[in-house]
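# Show me the folded form of this:
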Amino acid sequence: MKVLIVESEDGLARIWQKHLQRMGMHVCCAGGETDAIAHLSEHPTDIIILDLVLAEGCALAVADYASYRLPDARVVFVTNTSFFSDGSIFSFAPNACAFVQSATPPEDLAAIVEHYGPAEDPAPHGVA
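Now for the predicted structure:
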């Protein structure tokens with residue numbers, strides 16, 4: 001599974017990245033909108049972990065670009081604010097699959113990513 005973390009706080013992004021990599025996922029990080037869109041324009045991505053409040057750019061622009069460029073990619077929004085706490089983020093970003101607090105334990109975030117990621121292809125017929 002290919003994951004892009006879009007998070008302005010490098011330390012937090014690295015913690016999440018390490019947990020996801022331990023689960024066998026290929027993980028890249030971007031610090032803001034420009035880097036995230038550059039990555040998405042060049043690399044297939046299954047799941048995007050996207051902080052709603054970025055130091056550079058707009059998270060909703062990243063989600064919107066992803067929905068156009070990679071329509072099957074899902075977005076897990078994270079935040080440390082009360083923005084969209086009413087669940088309205090799902091109206092603004094049709095590719096949103098989850099909305100959690102930034103303080104969510106990394107192992108729980110990894111489980112969410114694993115749950116919403118693409119199912120592994122079954123073995124071809126005749127191969128066990």
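# Report the buried residues of the helix or strand where Ile49 lies.
Assigned by DSSP states H and E, Ile49 falls within strand 47-51. Buried residues in strand 47-51, counting neighbours by 16 or more other C-beta atoms under 10 Å, are found at Ile47, Ile48, Ile49, Leu50, Asp51. Quick note: C-beta positions are derived from backbone N, CA and C, even for glycine.
# how near is the fourth one to Pro118?
Leu50 sits 18 Å away from Pro118 when distances are taken as C-beta to C-beta, to the nearest Å.
# Kindly report the same for the third one.
With distances taken as C-beta to C-beta, Ile49 is found 15 Å from Pro118.
# Surely Tyr65 and Ile37 touch.
Yes: between Tyr65 and Ile37 there is a contact under C-beta atoms under 8 Å: 5.2 Å.
# where along this structure do the helices fall?
10-22, 33-42, 59-69, 89-92, 106-116 (DSSP state H).
# Which among the ones you listed is found nearest to Leu4?
helix 33-42 (5.7 Å; C-beta to C-beta).
# Can you work out which other helices and strands pack against the closest one?
Helices and strands touching helix 33-42, by 3 or more C-beta pairs under 8 Å, 6 or more residues apart in numbering; DSSP states H and E, are strand 2-6, strand 26-30, strand 47-51, helix 59-69.
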